[in-house]
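Undergrad: Sequence and predicted model, in that order:
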Amino acid sequence: MSPPRRGEIWSTRTRAAPREVLVLSSTVYNEIPQEPTVLAALVVRQATDEGFCVDLGDGRWAVMGLVTFVLKASLEARVRRVDTQTLTNVNTVLFKILATPER
């Protein structure tokens, strides 16, 4: 298996949800052999652009409020890569989440 790259959607072998994830961590990080995980966002089929979801096309949505780690060993198959504009949209939503000031 080739290392997962930032912006790729992968299916997983986990028994519980999620079944697909969008890889968020950098490709350099993902290529470190001793690092067993990647950072990823849950990919779902039914969502809207309200809240923290980003349209990935093909009826898929990244739920940016559900960023987690996924074991590289559980990544089963690369589904596809998102385009540059979609990855920019993902970055924008992450920035909005992280840059929201405290009260």
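TA: That came through fine.

Undergrad: what sits opposite the spatially most central residue of the chain in the beta ladder?
TA: Compute the mean C-alpha point of the chain, and by CA atoms, centre = their mean the closest residue is Leu22, 2.3 Å away. Here Leu22 shows beta-bridge partners Ile9, Ala41, assigned using DSSP bridges.

Undergrad: Report the contact partners of it.
TA: Residues near Leu22 by CB atoms under 8 Å, 6 or more residues apart in numbering: Gly7, Glu8, Ile9, Ala40, Ala41, Val43, Leu56, Ala62, Val82, Val90. Using the backbone N, CA and C atoms, a C-beta is placed for each residue, glycine as well.

Undergrad: one more time with 7 Å, if that's ok
TA: Leu22 makes contact with Ile9, Ala40, Ala41, Val43, Leu56, Ala62, according to CB atoms under 7 Å, 6 or more residues apart in numbering.

Undergrad: is it possible to export these to JSON lines including distance to Thr27 and pLDDT?
TA: Formatted as JSON lines, the contacts of Leu22 follow (distance: CB to CB, whole Å; pLDDT from 0 to 100):
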{"residue": "Ile9", "distance to Thr27": "15", "pLDDT": "97"}
{"residue": "Ala40", "distance to Thr27": "13", "pLDDT": "96"}
{"residue": "Ala41", "distance to Thr27": "16", "pLDDT": "95"}
{"residue": "Val43", "distance to Thr27": "19", "pLDDT": "94"}
{"residue": "Leu56", "distance to Thr27": "18", "pLDDT": "96"}
{"residue": "Ala62", "distance to Thr27": "18", "pLDDT": "95"}
